[in-house]
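>>> Need coordinates for the below:
(2 chains)
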Amino acid sequence: MTIELFYWKGCPSYPEAKELLEEVLSERGIESGVSMREVRTQEEAERLAFPGSPTIRIDGRDVDPAGAESRPALNCRIYYLPDGRVSPVPTRKQLEAALT
Amino acid sequence: MTLTLTTEAPPFDLPGVDGRNHSLDDYAYADALAVVWSCNHCPYVQAWEGRMVELQREFGDRGFRLVAISSNDADAYPEDSFEAMQARAEQQGFNFDYLYDEDQSALRSYGAERTPEVFLFDRDRRLVYHGAIDDSRDETQVSERYLRDAIEAVLAGREPSVRETPPVGCSVKWRS
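Numbers count the residues shown, from 1 in each chain, chains lettered A, B, ... in the order given. Take a look at the predicted model:
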């Protein structure tokens, strides 16, 4: 299993996303490490179809397919909680579902 | 360079989403003035902006005014264009002025680095609190309401007990 976390340093949410992802992986007994991939330029963002930081892909699939199509940009990515509120990190359920 | 505590509020004169220009002097009547660096596209701002509306609602008739300013480069971030700002203010029912600092002159004079980032000024327009609105972007997890407590203190003629906190949010988007 390939687990990639794409991030941009201008957004402070990626350490929290990494911690949550590693928690979920540990709970599920998944030993694959998280590959941290920094995105530094708009050109890289476009080449990688990076819709914002953090973006997590499991075997190449985005954990939030609905947000994956947003315009590539160096910004903080928006995730939505089940109650409609906004979050800068994916939910635990999104990560669990992506690993199922 | 970010403003330091007790510094006087730098002047600004910027277009608002209501179609009028707003200057610092227009808020001279306010006993407490919060200038909040903001924008449209940042999830941290979106998570906090409901609390900005709530603060204006709660303290508005006691002499408090909140003003939000977006300085982000709208060429690189079209979600932060003036037209998009007008749409968001309408959709979210903003009860505060939302101003567009297109040439980033206000950003340079205040030295904001994040969105959202609060500069609270007292009656004499001296900076009395700088930083975050509260201690969690998740409103269900808030335990310290920094800005609310600072507003209460200023309106009561006291110094806030907490005067600086690290702003948490997206970086401001400078023009290249």
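
>>> Could you use CA atoms for every contact and neighbour count after this?
Noted.

>>> anything in whichever strand or helix holds residue A:15 near chain B?
Using DSSP states H and E, the element containing residue A:15 is helix A:14-27. No. Judged by Cα under 8 Å from any Cα of the partner chain, helix A:14-27 stays clear of chain B, getting no closer than 11.8 Å.

>>> If you count contacts, what does the longest helix seen in chain B end up packed against?
Ordering each helix of chain B by length in residues (DSSP state H) puts helix B:43-59 first. Counting contacts by 3 or more Cα pairs under 8 Å, 6 or more residues apart in numbering or on different chains; DSSP states H and E, helix B:43-59 is packed against strand A:86-87, strand B:64-70.

>>> show me the contacts for residue B:151.
Neighbour list for residue B:151: B:32, B:64, B:120, B:160 [criterion: Cα atoms under 8 Å, 6 or more residues apart in numbering or on different chains].

>>> Which pLDDT value does the model give the residue lying closest to residue B:64 once chain neighbours are set aside?
If the residues on either side of it in the chain are set aside, residue B:64 comes closest to residue B:32, at 4.8 Å by Cα to Cα, 6 or more residues apart in numbering or on different chains. Predicted confidence (pLDDT) at residue B:32: the value is 98.

>>> what do you get for residue B:176?
pLDDT at residue B:176 comes out at 86.

>>> Most neighbours among the contacts of residue B:151, please name it.
Neighbour counts for the contacts of residue B:151, by other Cα atoms under 10 Å in any protein chain shown, peak at residue B:32, which reaches 29 neighbours.

>>> Pretty sure it sits against residue B:154.
Yes. Counting by Cα atoms under 8 Å, residue B:32 touches residue B:154, with 6.5 Å between them.

>>> Residues that sit against both of the two, list them.
residue B:122.

>>> returning to that earlier point: distance of the residue nearest to residue B:64 from residue B:59?
According to Cα to Cα, to the nearest Å, residue B:32 stands 10 Å off from residue B:59.

>>> And for residue A:31?
52 Å.

>>> Who has more neighbours out of these two?
Higher neighbour count among residue A:31 and residue B:59: residue B:59, with 17 against 10, using other Cα under 10 Å.

>>> hmm, stretch B:104-121 in reach of chain A?
No. Judged by Cα under 8 Å from any Cα, stretch B:104-121 stays clear of chain A, getting no closer than 9.6 Å.

>>> Pull up the distance across that stretch, start to finish.
Using Cα to Cα, first and last residues of stretch B:104-121 are 21 Å apart.

>>> Can you name the residues of chain B that neighbour chain A?
B:42-44, B:46-47, B:138, B:168-171.

>>> again, only this time at 10 Å
Residues of chain B lying close to chain A (Cα under 10 Å from any Cα of the partner chain) are B:41-48, B:76-77, B:114, B:137-139, B:168-173.

>>> Show me which residues of whatever helix or strand residue B:108 lives in are buried.
If you go by DSSP H and E, residue B:108 is part of helix B:105-110. Buried positions in helix B:105-110, judged by neighbour count with 16 or more other Cα atoms under 10 Å in any protein chain shown: B:106-107, B:110.

>>> Next: stretch B:157-172.
Quick answer for stretch B:157-172 (16+ other Cα under 10 Å): B:159-160, B:162-165, B:167-172.

>>> mean confidence for that stretch?
In this model, stretch B:157-172 carries a mean pLDDT of 97.

>>> Would you mind measuring the gap between the ends of it?
Stretch B:157-172 has an end-to-end distance of 32 Å (Cα to Cα).

>>> mean confidence for stretch B:16-23?
Averaged over stretch B:16-23, pLDDT sits at 98.
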